[in-house]
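>>> Sequence first, then the predicted structure, then my questions.
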Amino acid sequence: RKEVEQDPGPFNVPEGATVAFNCTYSNSASQSFFWYRQDCRKEPKLLMSVYSSGNEDGRFTAQLNRASQYISLLIRDSKLSDSATYLCVVNEGSNRDDKIIFGKGTRLHILP
Amino acid sequence: GAGVSQSPSNKVTEKGKDVELRCDPISGHTALYWYRQSLGQGLEFLIYFQGNSAPDKSGLPSDRFSAERTGGSVSTLTIQRTQQEDSAVYLCASSPLWGVGEQYFGPGTRLTVT
């Protein structure tokens, strides 16, 4: 089983719709979780951290399910500018070491 | 403030030559990471630094790859005897603390080996 898995997509979603995608991780001891977005031919940019209690930032909601070992990202009222690849990031490291693993990303296309 | 910068932005080199890629992290950031990304592919972790030391070098693809960081700041990734399969975008990221995972990426160096 791969360490961090994402549905590669693409998800083709009409503007204004709600879209959600998940990311599963294999190491139950993983410490921290993040979502990044990457635009075509650009560097990844941190979108949001994922906390145990879940967190929301405007139209974006991230949740963590430790029991089932996945994190999710929900985008409400999607905009054309949300079109990007969304990368799930898991830090499996202990207190002394980082072991940061990027998923291969889910491509999202928002359709006008 | 200034973000992560990388140089050169583009590098074309002949097979067999050595190349050196540079990363200037955000000032004060303790952790520094190197990745590479081939066209249409995910990020491949190469190496990270806690201060000037690299606890885990297992991500480096071969012994032709090496990296160093001095003064807890600038890092260089060196590829010796480049091969065509080394062609990729090499991304550097820094983080205020290691063990956190919030990383800020530079724009990358696009390496093409002919």
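Ah, there it is. Residues are numbered from 1 along each chain as shown, chains lettered A, B, ... in the order given.

>>> who are the neighbours in contact with the closest residue to B:Q37 other than its chain neighbours?
Closest residue to B:Q37 apart from its sequence neighbours, by CB to CB, 6 or more residues apart in numbering or on different chains: B:V89 at 4.9 Å. No exception for glycine: its C-beta is placed from N, CA and C like everyone else's. Counting by CB atoms under 8 Å, 6 or more residues apart in numbering or on different chains, B:V89 touches B:R36, B:Q37, B:S38, B:G108, B:T109, B:R110, B:L111.

>>> Next, count neighbours for the fifth one.
Neighbourhood size, B:T109 [other CB atoms under 10 Å in any protein chain shown]: 22.

>>> With the second one instead?
Counted with other CB under 10 Å, residues neighbouring B:Q37 total 19.

>>> hang on, isn't it packed against B:L43?
Yes - counting by CB atoms under 8 Å, B:Q37 sits close enough to B:L43 to count as a contact (5.3 Å).

>>> Now for those two: what residues contact both?
B:L91.

>>> Just grab the bridge partners of the residue nearest to B:Q37 for me.
B:V89 forms beta bridges with B:Q37, B:R110, as assigned by DSSP bridges.

>>> Tell me where the model's unsure across the chain.
No chain was given, so I picked chain A. A:1-2, A:94-98 (pLDDT under 70).

>>> my bad, the chain I had in mind was chain B
For chain B (pLDDT under 70), the answer is B:1, B:98-101.

>>> Quick one: name the residues of it near chain A.
Proximity of chain B to chain A (CB under 8 Å from any CB of the partner chain) is limited to residues B:31, B:33, B:35, B:41-43, B:45, B:48, B:50, B:55-56, B:91, B:93, B:98-108.

>>> Can I get the one helix or strand A:T24 maps to as PDB, trimmed to CA atoms?
If you go by DSSP states H and E, A:T24 is part of strand A:19-25. Taking Å, rounded to 0.1, in the frame of the first residue of the first chain, the C-alpha atoms of strand A:19-25 are listed here in PDB:
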ATOM      1  CA  VAL A  19     -16.500  19.300  -4.500                       C
ATOM      2  CA  ALA A  20     -14.700  17.100  -2.000                       C
ATOM      3  CA  PHE A  21     -11.800  14.700  -2.200                       C
ATOM      4  CA  ASN A  22     -10.000  12.500   0.200                       C
ATOM      5  CA  CYS A  23      -6.400  11.400   0.800                       C
ATOM      6  CA  THR A  24      -5.500   8.200   2.600                       C
ATOM      7  CA  TYR A  25      -2.400   7.600   4.500                       C
END
